[in-house]
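Undergrad: what follows is a predicted structure for the sequence shown.
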Number of protein chains: 2
Amino acid sequence: MADQIANKIYADYPPALTPEQEDYLVQTVKNWTVEHALTVRPSAAIVPEETNPTGVLATSAPVTLFPSPFPKACFQQAKSLQQIYNELYANIASDEQWLEDVLKELIAVDDFLANLWKVHLAVKEEGYVQDLSLGMFRSDYMLHAPEDAPVSLRQVEFNTISSSFGGLAYKVTDMHTHLATFPSPKQPVAYPPHPLFSSSSEKSNINTIGRPPPNEAVPTLVAGLAAAHEAYGTSRSTPDLPTCILFLVQDAERNVFDQLALSTHLHKHHNIPSFRLPVSKILAYTSIPSKDSNPARPLVYTPPSSPSTQFEVTVVYFRAFYAPTDYETPSSWAARHHLERSAAIKCPTVLLQLSGSKKVQQVLTSRPPDTDHLKAFLTEHSEATLESLRSTFAPQYSLSASQLEATSEPEGIRLALDEKSAVNHVLKPQREGGGNNIYRDNIPPFLNSIPKDQWKQYILMELIHPPSAAKNTVLRSDGQVVSGNVISELGIFGTCLWRTVPGNTVPEILHNTEGGYLLRTKGKDSDEGGVAAGFSSLDSLILYEEV
Amino acid sequence: MADQIANKIYADYPPALTPEQEDYLVQTVKNWTVEHALTVRPSAAIVPEETNPTGVLATSAPVTLFPSPFPKACFQQAKSLQQIYNELYANIASDEQWLEDVLKELIAVDDFLANLWKVHLAVKEEGYVQDLSLGMFRSDYMLHAPEDAPVSLRQVEFNTISSSFGGLAYKVTDMHTHLATFPSPKQPVAYPPHPLFSSSSEKSNINTIGRPPPNEAVPTLVAGLAAAHEAYGTSRSTPDLPTCILFLVQDAERNVFDQLALSTHLHKHHNIPSFRLPVSKILAYTSIPSKDSNPARPLVYTPPSSPSTQFEVTVVYFRAFYAPTDYETPSSWAARHHLERSAAIKCPTVLLQLSGSKKVQQVLTSRPPDTDHLKAFLTEHSEATLESLRSTFAPQYSLSASQLEATSEPEGIRLALDEKSAVNHVLKPQREGGGNNIYRDNIPPFLNSIPKDQWKQYILMELIHPPSAAKNTVLRSDGQVVSGNVISELGIFGTCLWRTVPGNTVPEILHNTEGGYLLRTKGKDSDEGGVAAGFSSLDSLILYEEV
């Protein structure tokens, strides 16, 4: 059984360290991270604000000391599906009516989704002036390794907004590669000898190349931005303005070096300037000419440091505004509307952001005799391809009594309220932002504690069973080194640029790429996590296959 | 008068900043430094040790927000002299008898110099087994701009050991270049418009290219290490061992990213592995076979993390052991002796370290009718070249009554004790390490407070008068931004590899290069300073010339 192989792999992984080995490894990692800006700004929990009032300090991003073993076939499958997933979500975001049908019940009860939908409706009424959309996606998976079946991929989430960590993930790959190969791949000094660090498989039935696969996250993501910038074309202002890309960021962002890796690459390799704009400054530093003076609605950015030098924004890249907590003032929604109605290409549009909601993910799992939405969106693809996509879906259910895809009884409600079945599930809110998942036997009492009409805000998903023996050691951002059982989540990056076609729900796809990956690894006790919050760590992978 | 030009340049430099401009500039610099590892480990004064017990935090190296204007002719002169200076110090280090004559009086009273000399004598008696020496030099200058003469270069120091900041200096150049040219050189958003940031000189009689000159410090320094590594040749161990370079570092080093820039470049571009070895671990992790087993005395490094993988050390690069404070235990001197007697190429040897003492610098200033040591060491060079070198010497004097170069009365003592002349001088200890300079009218009382036989441990040097109007703004490592009058010191990097020739005091020079620079800028109130200590800042320069 595959799970047995995965557990056998982990039986003696990572290799044990002597105190001298751990000391060398930790010291090397601590220096490597800062030397390569694999860093974050420290949280106030690590450095009190009075010690760091100007925010000048930086610290290592949380990283694993070792790459995590991962089955090669699963990695390749995830990569092979990415461009199809990109196309799927481009198609979903282009089908406003379908989205409305799927989401209307939620919109009725969820303020955040309702506000997003309102922005879309307002701009629709005025008329969109930009028919191009950019998606910078990350499809997240876990390994599912139940005792009675081969190991397989299970999709956790498809991110359509603010897909992060591409700018740091490739550095972890480089770091683990350095550790596994310095000064020579045959005799690395940082890692003790281990079959997984050796490309020779003489003494083992496991084949590996002994280091992580290359990680093209940054060039892939940046090429998406550059393609959108080029597709925007020349200035629509009178007179012409120089063009730029805006990185829309949170006011207090700790993950800034992840973002800078993209903007620096964008400038260095594509010669495209970009600026960072905190969400609170959108209305202060950007403007759109009045309809009379310029109906094309170019988005004009005025750098506060140089007001006489204005720029026209080709692409607004959202690294903020993805969660309700980003909209803290009344003007936040005005700012979102302001951007949405502009001629700038949005990454993402409101419709694309909504396409990434967990409700959509759940609806896509329905299949005959229910409506086969997946097939309807991907008419050009073979049944085999669709089956490969479907194989990554975790069984999941609406808790709505009147659902789009329902045939008869709401199975989700039955599974959620029965303690026996609940223990094998997780209850997820439809909204972005995490932090509110309800697990296992907590599900029935939780549902019974809230009004029944709120149930439809949740999706019930079958729990994923990751390889149980997985272990790793982590350098946290506070400098502590901790070891233990871990769970990893693989993200595959991709970008897609498309043009909506009037009167056609199928868009014209101009750019569709896959490249680069993120592995996030967290301690097994924690059911939630985000790397920047310090709960999970950036990781890379070492592929293996049975021979 | 040139000083007037320098002061005119500074009259409106750096340009004034609005609060928005300063905010953007400081924020950009803070992010740029960490993104490019223009960083140091924070001192305990910035982050208390209990907040950072594992040393995982990093902070911006102190940097100026603007490059400092510098006369092009002076910069070019400093560069043009570097290879001659390299040769001069290679020749000095190869003339043991001359060094002994110059230093013997000091050695008699200075424990540190005496211990160094003892190491040399002990190895000489046993016999040196390595005839190659490597110098990684930095010649430091200040601009001398008295009211009554054109601006000129004055050499402050010639560093023959642990010449630092090459690995950070080029990054400041890149940062200032970015600030001056992003998104376009014609309209940078970080710097307000200023003639010095523009390559056009239409409205000015000052010519500039509007950005700092390129800085090749890292490839230059690393090429020196690589040349020595190659010249060492194959392993002298039985059986052969793989070879490596050792970076000898202080146990608690905050300037680690400066050093890592070199070791990473060495591996990436020359494929030469190197390891960091704290001075306290020299005797634990390196060994030399007994004379019987291998008279060639290869220096064998055993990585503590991987004891089964030994390496033979081709070059020991000293980034420690330069000051008395580095020799805190009795075994420190045993460790220095251990390295000196090994077959590894030392950067530097004891003799080369001694050649960098201020006493040597002072003796080189003597000229006819006293002995012309400079001419004696550089017989192949023209009188014009020697005069160009001499023009960079600050007038300086021994305080010894029986000096090698003295004709009659000790002029230094007369100048030092007379209050009227003392105010134009600085009294410098001969030893490395700084921190003990005595200035101006403090000199006479200081000399009168110490025994007369200690006077010879000091050199009296005429004070340098840097351009008085120079100003800049600094981001300190604690995040504070401070502005004011400044003094800058220009360092030019160079490397030299040579072979001593038996029976000849003139060595065979195999590699002699110049490349890269460091500008260190400090507040005018501080007479002392070192960047890592937070008193001075890393800077770059913007060259100008009158047209």
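TA: Thanks, I have it. Residues are numbered from 1 along each chain as shown, chains lettered A, B, ... in the order given.

Undergrad: residue contacts, A:Leu225?
TA: A:134, A:136, A:245, A:262, A:266, A:270, A:272, A:315, A:317, A:347, A:495 (Cβ atoms under 8 Å, 6 or more residues apart in numbering or on different chains). From N, CA and C alone the C-beta is placed, and that goes for glycine too.

Undergrad: excluding chain neighbours, what is closest to the fourth one?
TA: Take A:Leu262 and drop its neighbours on the chain: the residue closest to it by Cβ to Cβ, 6 or more residues apart in numbering or on different chains is A:Gly167, 5.2 Å away.

Undergrad: isn't that neighbour up against A:Phe257?
TA: Yes - at 7.0 Å, A:Gly167 and A:Phe257 qualify as touching, with contact defined as Cβ atoms under 8 Å.

Undergrad: re the thing from before, check contacts around the residue nearest to A:Leu262.
TA: Residues in contact with A:Gly167 (Cβ under 8 Å, 6+ apart) are A:217-218, A:221, A:257-262.

Undergrad: A:Pro42 now?
TA: A:52, A:57-59, A:254, A:477-478, B:57.

Undergrad: so the residue nearest to A:Leu262 is in which element?
TA: Assigned by DSSP states H and E, A:Gly167 belongs to helix A:166-181.

Undergrad: do the same with A:Leu116
TA: Per DSSP H and E, A:Leu116 falls inside helix A:111-126.

Undergrad: so what touches that helix?
TA: Contacts for helix A:111-126 (Cβ under 8 Å, 6+ apart): A:96, A:100, A:103, A:106-108, A:323-324, A:327, A:333, A:336-337, A:340-341, A:349-351, A:353-354, A:357, A:430-431.

Undergrad: one more: stretch A:315-327?
TA: So stretch A:315-327 is contacted by A:111-112, A:115, A:134, A:136, A:161-162, A:164, A:225, A:228-229, A:232, A:245-250, A:253, A:259, A:274, A:278-279, A:299, A:332-333, A:336, A:339, A:342, A:344-348, A:353, A:431-433 (Cβ under 8 Å, 6+ apart).

Undergrad: hmm, 7 Å instead?
TA: Residues from elsewhere that reach stretch A:315-327, judged by Cβ atoms under 7 Å, 6 or more residues apart in numbering or on different chains: A:112, A:134, A:161-162, A:225, A:228-229, A:232, A:245-250, A:259, A:279, A:333, A:336, A:339, A:344-348, A:431-433.

Undergrad: can you flag the buried ones in the residues you listed?
TA: The neighbour count (16 or more other Cβ atoms under 10 Å in any protein chain shown) marks A:112, A:134, A:161-162, A:225, A:228-229, A:232, A:245-250, A:259, A:279, A:336, A:339, A:344-348, A:431-432 as buried among the contacts of stretch A:315-327.

Undergrad: my guess is A:Ile413 meets A:Leu399, correct?
TA: Yes - the pair A:Ile413 and A:Leu399 passes the contact test of Cβ atoms under 7 Å, sitting 5.5 Å apart.

Undergrad: who has more neighbours out of the two?
TA: Taking neighbours as other Cβ atoms under 10 Å in any protein chain shown, A:Ile413 and A:Leu399 compare with A:Leu399 leading, 23 against 18.

Undergrad: so what's that one closest to, chain neighbours aside?
TA: Counting by Cβ to Cβ, 6+ apart, the residue nearest A:Leu399 is A:Trp455, at 4.1 Å.

Undergrad: what number of residues lie near the one you found?
TA: 21.

Undergrad: and it, how close does it get to A:Arg440?
TA: According to Cβ to Cβ, to the nearest Å, A:Trp455 stands 17 Å off from A:Arg440.

Undergrad: same deal with A:Asp478?
TA: 30 Å.

Undergrad: name the residue in those two with the higher neighbour count.
TA: A:Asp478 (20 against 15).

Undergrad: could you find the closest non-adjacent residue to the more buried one?
TA: Using Cβ to Cβ, 6+ apart, the closest residue to A:Asp478 is A:Ile46 (4.6 Å).

Undergrad: settle this for me: that neighbour is touching A:Leu57, isn't it.
TA: No - contact criterion Cβ under 7 Å: A:Ile46 and A:Leu57 do not qualify, at 8.9 Å.

Undergrad: the more surrounded of those two?
TA: More crowded of A:Ile46 and A:Leu57, by other Cβ under 10 Å: A:Leu57, with 27 against 22.

Undergrad: residues in contact with the more buried one?
TA: A:42, A:47, B:42, B:47, B:57, B:59.

Undergrad: next, count neighbours for the second one.
TA: Right, the one you point to is A:Val47. A:Val47 has 22 nearby residues by other Cβ under 10 Å.

Undergrad: enumerate the residues of chain A near chain B.
TA: A:20-21, A:24-25, A:30-31, A:34-35, A:37, A:39, A:42, A:47, A:51, A:53-60, A:182-183, A:187, A:189-190, A:244, A:256-257, A:260, A:264, A:273, A:303-306, A:309, A:478-480 (Cβ under 7 Å from any Cβ of the partner chain).

Undergrad: show me how to select, in ChimeraX, the buried members of these.
TA: Applying 16+ other Cβ under 10 Å to the residues of chain A next to chain B, the buried members can be selected in ChimeraX as follows:
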select /A:21,24,25,30,31,34,35,37,39,42,47,51,55,56,57,58,59,60,182,183,189,190,244,256,257,260,264,273,303,304,305,306,309,478,479
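
Undergrad: restricted to strands, list the residues of chain A next to chain B.
TA: Counting by DSSP state E, the residues of chain A next to chain B place A:39, A:57-60, A:244 in strands.

Undergrad: hmm, which two among these are most spread apart?
TA: Greatest spatial distance among these (Cβ to Cβ): A:Ser60 and A:Cys244, at 31.5 Å.

Undergrad: skip the chain neighbours and tell me the closest residue to A:Gly135.
TA: Nearest non-adjacent residue to A:Gly135, counting by Cβ to Cβ, 6+ apart: A:Cys496, 4.4 Å away.

Undergrad: who is A:Gln155 paired with across the strands?
TA: Here A:Gln155 sits in beta bridges with A:Tyr141, as judged by DSSP bridges.

Undergrad: okay, now it: neighbour count?
TA: For A:Gln155, the tally of surrounding residues (other Cβ under 10 Å) stands at 22.

Undergrad: from chain B, how far off is it?
TA: 33 Å (Cβ to the nearest Cβ, to the nearest Å).

Undergrad: just to check, that residue is in contact with A:Ser391?
TA: No - assessed by Cβ under 7 Å, A:Gln155 is found out of contact with A:Ser391, at 9.6 Å.

Undergrad: just the strands in the stretch 301-450 of chain A please.
TA: Residue ranges of the strands in the stretch 301-450 of chain A, as given by DSSP state E, counting those that start in this stretch, are A:311-319, A:345-347, A:396-398, A:425-429, A:438-439.

Undergrad: could I get the ones you listed in a markdown table, plus columns for mean pLDDT?
TA: Formatted as a markdown table, those follow (pLDDT from 0 to 100):
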| stretch | mean pLDDT |
| --- | --- |
| strand A:311-319 | 98 |
| strand A:345-347 | 98 |
| strand A:396-398 | 89 |
| strand A:425-429 | 91 |
| strand A:438-439 | 92 |
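
Undergrad: right, and these - which one's nearest A:His178?
TA: Among those, strand A:311-319 sits nearest to A:His178 (Cβ to Cβ), with 28.0 Å.

Undergrad: understood, closing this out.
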